[in-house]
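Trainee: the sequence isn't on hand, but the structure is:
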């Protein structure tokens with residue numbers, strides 16, 4: 001019975017991920033080249049999934065912690081040429097914890113960061129972003145496919161690494 005539930009969950013995840021892609025190849029190339037996009041996180045994959053698994057299995061409706069669905073959470077990373085706005089949850093071990101609940105997860109704005117883009121031979125991009133004005137000195141490695149799907153790995157001085165799966169989208173236009 002659990003096998004059927006897992007297969008159903010995987011099938012729904014694949015369908016939801018395919019339905020949520022917001023960009024085609026030309027749009028993806030344009031927004032990556034312009035450094036003007038939003039990475040929308042759909043799943044989180046903590047490094048210490050066994051510890052997270054043990055906790056989530058004890059909760060009502062708990063599922064495997066190796067892949068945590070973020071659907072409907074509006075978690076994203078907005079990138080422009082001069083700013084970086086990050087709003088992502090964190091699951092894992094933190095080595096130094098703030099007493100402020102607003103500091104849980106990755107929630108920050110950065111104006112000072114390095115941004116390196118490498119085009120892959122078989123299509124897609126590898127992007128490295130390193131902040132200089134954030135308390136944890138966060139480094140993000142973003143691998144993007146031509147179709148706009150991506151994997152974001154976040155490395156911090158005070159937390160274990162975590163990865164997020166998601167897709168690229170164009171930033172929403174603000175009407176004045």
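Mentor: That came through, no problem. Quick caveat, the model's predicted, so the values are computed rather than measured.

Trainee: pick out the residue nearest the middle of this protein.
Mentor: For the chain, the residue nearest the mean C-alpha position is residue 164 (3.7 Å; CA atoms, centre = their mean).

Trainee: any idea how far it is from residue 74?
Mentor: 13 Å (CB to CB, to the nearest Å). Where C-beta positions appear, they are placed from N, C-alpha and C, glycine not excepted.

Trainee: do the same with residue 166
Mentor: 12 Å.

Trainee: neighbour count for the two, which is higher?
Mentor: Comparing residue 166 with residue 74 by other CB atoms under 10 Å, the one with more neighbours is residue 166, at 26 against 9.

Trainee: any idea which helix or strand carries that one?
Mentor: Taking DSSP states H and E as the criterion, residue 166 maps to strand 162-169.

Trainee: now that strand: mean pLDDT?
Mentor: Averaged over strand 162-169, pLDDT sits at 95.

Trainee: give me the contact list for it.
Mentor: Strand 162-169 is contacted from outside by 17, 20-23, 28, 31-32, 37-47, 70, 75-76, 88, 90-92, 144, 148-154, using CB atoms under 8 Å, 6 or more residues apart in numbering.

Trainee: what lines up beside that strand in the sheet?
Mentor: strand 37-46 (antiparallel), strand 149-155 (antiparallel) (DSSP bridges).

Trainee: any idea how far the residue nearest to the centre of the chain is from residue 75?
Mentor: 8 Å.

Trainee: what number of residues lie near residue 33?
Mentor: Neighbours around residue 33, by other CB under 10 Å: 12.

Trainee: actually residue 152, not the one I typed
Mentor: 22.

Trainee: let me know the distance separating it from residue 161.
Mentor: Using CB to CB, residue 152 is found at 11 Å from residue 161.

Trainee: same question for residue 67.
Mentor: 15 Å.

Trainee: ditto for residue 35
Mentor: 24 Å.

Trainee: cool, and residue 145?
Mentor: Applying CB to CB, the value for residue 145 to residue 161 is 21 Å.

Trainee: which of these two has more neighbours?
Mentor: residue 145 (18 against 15).

Trainee: pretty sure residue 119 is in contact with residue 125, am I right?
Mentor: Yes. Look at residue 119 against residue 125 with CB atoms under 8 Å: they come within range, at 5.8 Å.
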